[in-house]
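Asks: sequence first, then the predicted structure, then my questions.
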Amino acid sequence: MQGMELARSYYETYGAAMLREQFPDWAGRLAVGLVGSGSECFGFDDAVSQDHDFEPGFCIFLPGEDVLDRKTAFALERAYAKLPKTHLGFSRQGLSPVGGSRRGPIRIGDFLMEKTGTRDGKLSLEQWLRLPESYLCEVVNGALFDEGDGSFAAIRQRLAKQPEDVRKKKLAGHLLLMAQAGQYNFPRCLAHNEPAAAQLAAVEFVRHALHVLFLLNKTYIPYYKWQFRALRQLALLQDQAETLELLLTTDNGPVMAQAKADLMEDLAGRIITALQDQALTQAVCGDLEKHAYSVNDAISDAQLRNAHILTAV
């Protein structure tokens, strides 16, 4: 059983009744679901994932103290803590003495501050550029079993897509670094008889290619250990996961090195086609660097367009 299924079952079996019976004035106003940190919030958990932080539980997202007072919030915490300790063969974990629980009542402002650095989820241009996308993933992932008054759902919807100019700036930077690592430095390192340096170039090519693929799909790239899992679920170019894995896991002997160089060029060509399909570039060539600058030139905001091309990476 996956964590999302377990959480939904636990809420429907025990949580919904608890809120309805003990907090009738709030039962239809609080958002409830499984959102945030942990593979179960992405649907990536498996049997191995159950060795830590895996339990029946759910999140109750509370408004600020100006709406829901501390006394009621404390009562919700106590009521949640008293829910059954086991469900479907899984046990709830004890609370840490230093706090930090991912489940139970959580102030929306506290959750957003941890993930975005703001209590309302309203980001400045600088924050959009600098905030790691893995944190934004943890705001918009998972599922709400009950949207309550809809306020938290609205914040999630607003943060689900980054501004188009920000996407273009990130694309430009990652495309440029892809070009430098794969189309330029990988073959030069091999020519210098530096296979280890060549592999570092391959790693950099893959790292930036992953960002480009998620940006082309208009979705956030998750924490690195889930990036390949998430890549295989994308709508566009998800079949390139095997190519990127091969670039990371093979040696740089003469035969394999040429094959890897060819794969890099092939992926570059596929990305260029996707850029053209989305009208993101005006360049007509196979050089990712030229496409990087073309994407940058298409940014509407003059200040952002004129900022260094690597500003967002």
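Replies: Good, I have the coordinates. Fair warning: this is a prediction, and the values are worked out from it, not measured in the lab.

Asks: can you name the element that comes right after whichever strand or helix holds residue 32?
Replies: Counting by DSSP states H and E, the element that carries residue 32 is strand 31-34. Sequence-wise, the next helix or strand downstream of strand 31-34 (DSSP H and E) is strand 59-62.

Asks: list of residues touching that next one?
Replies: Strand 59-62 is contacted by residues 15, 19, 30-36, 68, 73, 76, 80, 102-108, 111, 148, 152 when judged by CB atoms under 8 Å, 6 or more residues apart in numbering. All C-beta spots, glycine's among them, are computed from the backbone N, C-alpha and C.

Asks: what's the mean pLDDT across it?
Replies: The average of the pLDDT scores along strand 59-62 is 98.

Asks: who does that strand pair up with?
Replies: Paired with strand 59-62 in the same sheet, following DSSP bridges, are strand 31-34 (antiparallel), strand 104-107 (parallel).

Asks: using PDB, write down the CA coordinates of the last one.
Replies: Written as PDB, here are the backbone C-alpha positions of strand 104-107 (Å, rounded to 0.1, in the frame of the first residue of the first chain):
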ATOM      1  CA  GLY A 104      -1.600  16.700  11.800                       C
ATOM      2  CA  PRO A 105      -2.700  20.400  12.300                       C
ATOM      3  CA  ILE A 106      -0.400  22.800  10.400                       C
ATOM      4  CA  ARG A 107      -0.800  26.500  10.100                       C
END
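
Asks: for that strand, buried residues please.
Replies: Buried positions in strand 104-107, judged by neighbour count with 16 or more other CB atoms under 10 Å: 104-107.

Asks: ok, and what's touching it?
Replies: Against strand 104-107 from outside (CB under 8 Å, 6+ apart): 57, 59-65, 73, 76-77, 80-81.

Asks: do the same with the first one
Replies: Contacts with strand 31-34, where a contact means CB under 8 Å, 6+ apart, come from 3-4, 7-8, 11, 15-16, 19, 40-41, 58-61, 103, 108, 142-149, 151-153.

Asks: from these, list the buried ones, please.
Replies: Applying 16+ other CB under 10 Å to the contacts of strand 31-34 flags 3-4, 7-8, 11, 15, 19, 40-41, 58-61, 103, 108, 142, 144-148, 151-153 as buried.

Asks: so of those residues, which ones are in helices?
Replies: 3-4, 7-8, 19, 108, 151-153 (DSSP state H).

Asks: which pair of these spans the longest distance?
Replies: The largest separation in those, counting by CB to CB, is between 3 and 151 at 25.0 Å.

Asks: can you give me the end-to-end span of stretch 150-164?
Replies: 25 Å (CA to CA, to the nearest Å).

Asks: count the neighbours of residue 25 for me.
Replies: 8 (other CB atoms under 10 Å).

Asks: need phi/psi at it.
Replies: phi -70, psi -20 (degrees, to the nearest 10).

Asks: rewinding a little: residue 177: which of the contacts of strand 104-107 is nearest?
Replies: Of all the contacts of strand 104-107, residue 177 sits closest to residue 59, with 36.5 Å by CB to CB.

Asks: now do the helix or strand containing residue 189: distance to the chain's middle.
Replies: If you go by DSSP H and E, residue 189 is part of helix 186-191. Counting by CA atoms, centre = their mean, to the nearest Å, helix 186-191 is centred 33 Å from the centre of its parent chain.

Asks: quick one: residues in contact with stretch 35-45.
Replies: By CB under 8 Å, 6+ apart, stretch 35-45 touches 2-4, 6-7, 34, 49, 53-54, 59, 61, 102, 111, 115, 137-139, 141-144, 156, 222, 226, 229-230.

Asks: quick one, helices of the stretch 151-300 of the chain?
Replies: In the stretch 151-300 of the chain, the helices defined using DSSP state H, counting those that start in this stretch lie at 151-159, 164-178, 186-191, 195-216, 227-231, 241-249, 254-277, 288-297.

Asks: of these, which stretch is the most buried?
Replies: helix 164-178 (a mean of 24; mean count of other CB atoms under 10 Å).

Asks: got the angle between it and helix 288-297?
Replies: 160 degrees (axes from the mean of the first three to the mean of the last three CA atoms, to 10 degrees).

Asks: quick one: low-confidence ranges for this structure?
Replies: Along the chain, the model assigns pLDDT under 70 to residues 51-53, 94-100.

Asks: switch to 80 and redo it
Replies: 49-54, 93-101 (pLDDT under 80).
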